[in-house]
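Visitor: structure for this input, please:
(chains A and B)
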Number of protein chains: 2
Amino acid sequence: MKTFLTQDHWSNLGAYLKETQILGSIQSTLYWDQNTGMPKKGASWRSEQLTYLAKILHERNSSEEFLNLIKAAQNELFFSENSESKETINSKKKNIDLLIKEFNRQKDLDPNLVELIAKAKSKGYESWQEAKKKSDFKIFLPYFENIIKLRIEESKQISDNLKSWETLAQPFEPDLTLSWLNNIFQPLKENIPLLIKDLTNVDKQKWDLSPQSQQKLCTKLLDEFGRDQDMVVVSKSPHPFSITLGPNDYRITTRIVEGEPFSSFLATAHEWGHSIYEQGLPSQTHQWFSWPLGQATSMSIHESQSLFWENRIVKSKSFSKRFYKHFVSEGCSLSNDIEFWKSINHLKVGLNRVEADELTYGLHILIRTELEIDLIEGNLKAKDIPSEWNKRYEQLLGIKPSNDAEGCLQDVHWSEGAFGYFPSYLLGHIISAQISYQMEKEIGSLENLIENGEYKKIILWLKNNIHNYGRSLNSMDLVRKVTGQDLTSDYFLTHLRSKINDFC
Amino acid sequence: MKTFLTQDHWSNLGAYLKETQILGSIQSTLYWDQNTGMPKKGASWRSEQLTYLAKILHERNSSEEFLNLIKAAQNELFFSENSESKETINSKKKNIDLLIKEFNRQKDLDPNLVELIAKAKSKGYESWQEAKKKSDFKIFLPYFENIIKLRIEESKQISDNLKSWETLAQPFEPDLTLSWLNNIFQPLKENIPLLIKDLTNVDKQKWDLSPQSQQKLCTKLLDEFGRDQDMVVVSKSPHPFSITLGPNDYRITTRIVEGEPFSSFLATAHEWGHSIYEQGLPSQTHQWFSWPLGQATSMSIHESQSLFWENRIVKSKSFSKRFYKHFVSEGCSLSNDIEFWKSINHLKVGLNRVEADELTYGLHILIRTELEIDLIEGNLKAKDIPSEWNKRYEQLLGIKPSNDAEGCLQDVHWSEGAFGYFPSYLLGHIISAQISYQMEKEIGSLENLIENGEYKKIILWLKNNIHNYGRSLNSMDLVRKVTGQDLTSDYFLTHLRSKINDFC
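Guide: Residues are numbered from 1 along each chain as shown, chains lettered A, B, ... in the order given. Just a heads-up that it's a prediction; the model follows:
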């Protein structure tokens, strides 16, 4: 009878998690609709819906009932060590550990604060949109101050031994510390400004494609990568993103930027990378859907996957050779695939993070990361963001925004209170470089694989070496496991140097 | 202090209803996404989400807590009769009456049955899609039988004094009885088959427009009607529909049908009619959002509004004169606005309800209504639907479907267990005719108003005479109030005779 009882507590916990997942995925669906379909005036009611869901999700995730279910399952696990395989037991233990960790983050939070934060996010997002449109930081400032205050309060209520910013960064990058991050980023802060000195800073050749042509090319790209149309849907939104709405329901968005004929194409490749990671998570192949192990381990790993498809695949020379002709049939005026490669890889200092090249991208992130750490740790006031932003752009990139819209208001993240997210992008670049090096050692050069259209082989390698692990390893352990080495910025710097060599 | 206490119970009930409304509107958002964006393989998880929401909504709507809130508010109202205006008290009383009526419908329902029905709807819809695609009723039959069985069980649990079919029809048409319905429909059953004998039955002139052109014309139509783009969004779905997702968030869908250049255009007008009704409900102008009085009174009134815009506006001669030129610029080959009017009003017996003209439409409904009454009342077996369907089409319309896809599988309604909905369409035609007659008496001929583009005047009349009442009057009372007369099919028959005169 033991086994039967054993099954029972575990299943009860599983049923509880499934309901939580149902609510979470409903939240995601509302978010998707908000960004792809909702009319403007729907915003205020949508905010009421999201606030309500945030409240009941918090209640579920911090309830006595949930804690008892976890404890009962943990206890049951303790007595079933001999009746299941070591691997299963370990996975189950890891799941319990992650659930307890997450529960402890939630348990001390005041539900009122949770509700206030949800509302502040909505208001922050709304006011940021208006402020950006009018290029006026002052419109956003009071809402920004409010969300900073609330999130600092949140970090104090979670009250672990970390600094406030570290606490807020944990959901994006579990186990991250400021000193670890500083060690990884420092070489880039020193080296990238030297590298950009080599750039001739020539303007890109001006050309463009119609929205219809761009859409066709994006569809062609996803077909080339092997998208399952019955599982992955593409739409448009002001900011490209990727989201999973159910075990077999993946959504991607892109956007058309006038005068940037590669923008929607590269965004599609980027979001595909996010999506294919989610598609490869163990939730798809065994019992871990709605359990922690079925989830992505961190945003830096997530970004490593998206940046891999954007930069290692689409910006490769072989890819230019394969795809140049399709651009030509849509009216691209570049004279050959080498010009095409140069255009898609164009290196030039600019003000915009999203449209930045691989080389200067890191500087955009370093500035944001330092600013938000200062904000949260109390060394910088929100009202001083525009001037500090401009100052640091001048220092690191040698250029200065002419207004807030192209400066400190360009990104959505802070408006939704997402502090601790930005470093993920740069960590993603670094991880992608280190992983790519290992991949090439194991299955041959990427240029060759792409030349032969062997995307399936690439996806399989990523699935087996990265995606399949879910949250069983954190980023640091996963990188060590796959590459046999701690994370280092060396591979990324090597890659940047070789790109400059080819480009200049 | 009395007043303060008074306010309190009423506000508590309001807060409860608002949470219910939040959940209901989330359900609607999932439904919208399911039909406009969701990839095919997302269906099974979506069904889990919808089942979960149906369960908690049922719990809320049948809970002891809810009943106590209603009773407390009712009691409070009793003691506050002198402190508020008579109009406010009456509205509040009506709200309480409707809440109690709805509560009584829910209270005896077994929650397991509610969950089973939600699942059966999903499965029914899925199997119907496949069955229709393969034109094979047998694929759908077991799921159809299951949903019929479950809904009959539901009607028995609700256990009022009505027949099962009447009970199921109440949510669509409150206070409807079979004998009342029969009185209204009988003259049509006798007269329409005589009227269609006059048709020459000439085929429509064949022409078509590109999907892009159709889309442009639909947008132009909505602009002409005065749509607020920040509030009303249009998308595509296999079946056109209109849905309200929040107090300022309205959605409409249409679809392109090859070889039917007016299909998307007429569907857009139709769905606009539904939407403008919802936009005019009192929920928008005072406190009744999330209260019964802020809702549409019945589906027949709803259909009267959509059919009004489709048939009285877009199929009028003045409208043809105004819009013919826009169709010409998109490539329409009809030689003048009279040909255009003839084409959009083409009268011809056919097998398809949605594409049917005003004259034969009623026969499609009469057949469906009689069949589903027989099904629910136990006089017809589900397995016999295809043969019965074909038999009655031959009797009433003189034509017979060559397969189930163009026969009994053409409509989605039964697959989702929506019995009692079909008569709303025909009642809508009848109500629209009677209301139009009254409108013309009050603000002048529709042909003149349309000729001058006075849509605002029309909308205002509809808002003041129909929309603004919400659920304070049922269909029968509303028609009597607006037209000074009980509902009768006379006006509709007169309209049909005049249309035939003009057409033939």
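Visitor: just name the shakiest helix or strand of chain A by mean pLDDT.
Guide: Here the helix or strand of chain A ranked lowest by mean pLDDT, DSSP states H and E is helix A:2-36, holding a mean of 86.
Visitor: just how off-centre is stretch A:305-318 within its chain?
Guide: 16 Å (C-alpha atoms, centre = their mean, to the nearest Å).
Visitor: next: stretch A:361-372.
Guide: 15 Å.
Visitor: can you pull the contacts of whatever residue of the stretch 301-450 of chain A ends up closest to chain B?
Guide: At 17.4 Å from chain B, residue A:330 is the closest residue in the stretch 301-450 of chain A, using C-beta to the nearest C-beta. C-beta: built from backbone N, CA, C; applies to glycine. Under the criterion of C-beta atoms under 8 Å, 6 or more residues apart in numbering or on different chains, the neighbours of residue A:330 are A:209-210, A:213-214, A:216-217.
Visitor: what of residue A:397?
Guide: So residue A:397 contacts A:196, A:349, A:351, A:360, A:363 (C-beta under 8 Å, 6+ apart).
Visitor: same check on residue A:304?
Guide: Counted by C-beta under 8 Å, 6+ apart, residue A:304 has contacts A:427-432, A:435, A:466.
Visitor: now, the contacts of residue A:397 that are in helices?
Guide: Residues of those located in helices (DSSP state H): A:360, A:363.
Visitor: also compute the angle for the least confident helix or strand of chain A relative to helix B:2-36, please.
Guide: On the basis of axes from the mean of the first three to the mean of the last three C-alpha atoms, to 10 degrees, helix A:2-36 is oriented at 90 degrees to helix B:2-36.
Visitor: got the buried residues for helix A:2-36?
Guide: By 16 or more other C-beta atoms under 10 Å in any protein chain shown, the buried positions in helix A:2-36 come out as A:6, A:9-10, A:13-14, A:16-17, A:20-30, A:32-36.
Visitor: interface residues of chain A facing chain B?
Guide: Proximity of chain A to chain B, by C-beta under 8 Å from any C-beta of the partner chain, involves residues A:19, A:22-23, A:25-26, A:29-30, A:32-33, A:36-42, A:44-46, A:48-49, A:52-53, A:228-233, A:235, A:245-251.
Visitor: filter these down to the buried ones.
Guide: Buried members of these, scored by 16+ other C-beta under 10 Å, are A:22-23, A:25-26, A:29-30, A:32-33, A:36-39, A:41-42, A:45-46, A:48-49, A:52-53, A:231-233, A:245-251.
Visitor: hang on, residue A:30 packs against residue A:48?
Guide: No. Between residue A:30 and residue A:48 there is no contact under C-beta atoms under 8 Å: 10.8 Å.
Visitor: in chain A, which spans are strands?
Guide: Using DSSP state E, the strands of chain A run over A:232-236, A:242-246, A:249-254.
Visitor: what is the rounded mean pLDDT of the longest one?
Guide: Per-residue pLDDT over strand A:249-254 has a mean of 96.
Visitor: and it, what does it pack against?
Guide: Under the contact definition 3 or more C-beta pairs under 8 Å, 6 or more residues apart in numbering or on different chains; DSSP states H and E, strand A:249-254 sits against helix A:2-36, strand A:232-236, strand A:242-246, helix A:263-280.
Visitor: neighbouring strands - and their directions - for the third one?
Guide: Spelled out, that is strand A:242-246. strand A:249-254 (antiparallel) (DSSP bridges).
Visitor: where does pLDDT dip in the stretch 401-504 of chain A?
Guide: Under the criterion pLDDT under 70, no range of the stretch 401-504 of chain A is flagged.
Visitor: and the helices in the stretch 151-300 of chain A, which stretches?
Guide: Here the stretch 151-300 of chain A has its helices, by DSSP state H, counting those that start in this stretch, at A:164-169, A:178-195, A:211-225, A:263-280, A:299-307.
Visitor: list the contacts of the third one.
Guide: When you say that, I think you mean helix A:211-225. A:209, A:232, A:234, A:252, A:254, A:256, A:261, A:264-265, A:268-269, A:272, A:276, A:309, A:314, A:323, A:326-327, A:330-331, A:453, A:455.
Visitor: list buried residues within the residues you listed.
Guide: Buried among these by 16+ other C-beta under 10 Å: A:209, A:232, A:234, A:252, A:254, A:256, A:261, A:264-265, A:268-269, A:272, A:276, A:309, A:314, A:323, A:327, A:330, A:455.
Visitor: show me what contacts the residue nearest to residue A:479 when sequence neighbours are not counted?
Guide: Excluding its sequence neighbours, the residue lying closest to residue A:479 (C-beta to C-beta, 6 or more residues apart in numbering or on different chains) is residue A:487, at 4.7 Å. Residue A:487 sits next to A:184, A:427, A:430-431, A:434, A:475-476, A:479-480 when contact means C-beta under 8 Å, 6+ apart.
Visitor: of those residues, grab the buried ones for PyMOL.
Guide: Applying 16+ other C-beta under 10 Å to the contacts of residue A:487 leaves a buried subset, and the PyMOL line that selects it is:
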select buried, chain A and resi 184+427+430+431+434+475+476+479
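Visitor: give the contact list for residue A:135.
Guide: A:403-406, A:409.
Visitor: so how far is chain B from it?
Guide: To chain B, residue A:135 is 21 Å away according to C-beta to the nearest C-beta, to the nearest Å.
Visitor: what about that residue, distance to residue A:145?
Guide: From residue A:135 across to residue A:145, the span is 19 Å (C-beta to C-beta, to the nearest Å).
Visitor: then residue A:432?
Guide: 35 Å.
Visitor: check residue A:161 too.
Guide: In terms of C-beta to C-beta, residue A:161 sits 27 Å off from residue A:145.
Visitor: with neighbour numbers in mind, choose between these two.
Guide: Neighbours were counted for residue A:161 and for residue A:145 using other C-beta atoms under 10 Å in any protein chain shown; residue A:145 has more, 14 against 6.
Visitor: these two touch, right, the more buried one and residue A:384?
Guide: No. Between residue A:145 and residue A:384 there is no contact under C-beta under 8 Å: 11.5 Å.
Visitor: now that we have the contacts of residue A:330, which one has the most neighbours?
Guide: For those, neighbours tallied by other C-beta under 10 Å; top is residue A:214, 24 neighbours.
Visitor: pull the contacting residues for residue A:172.
Guide: A:298-300, A:418, A:420-421, A:424.
Visitor: closest one of those to residue A:201?
Guide: residue A:424 (28.5 Å; C-beta to C-beta).
Visitor: who touches the residue lying closest to the closest one once chain neighbours are set aside in this structure?
Guide: The shortest distance from residue A:424 to any non-neighbouring residue, by C-beta to C-beta, 6+ apart, is to residue A:299 (3.7 Å). Residue A:299 is in contact with A:172-173, A:421, A:424, A:428, counting by C-beta under 8 Å, 6+ apart.
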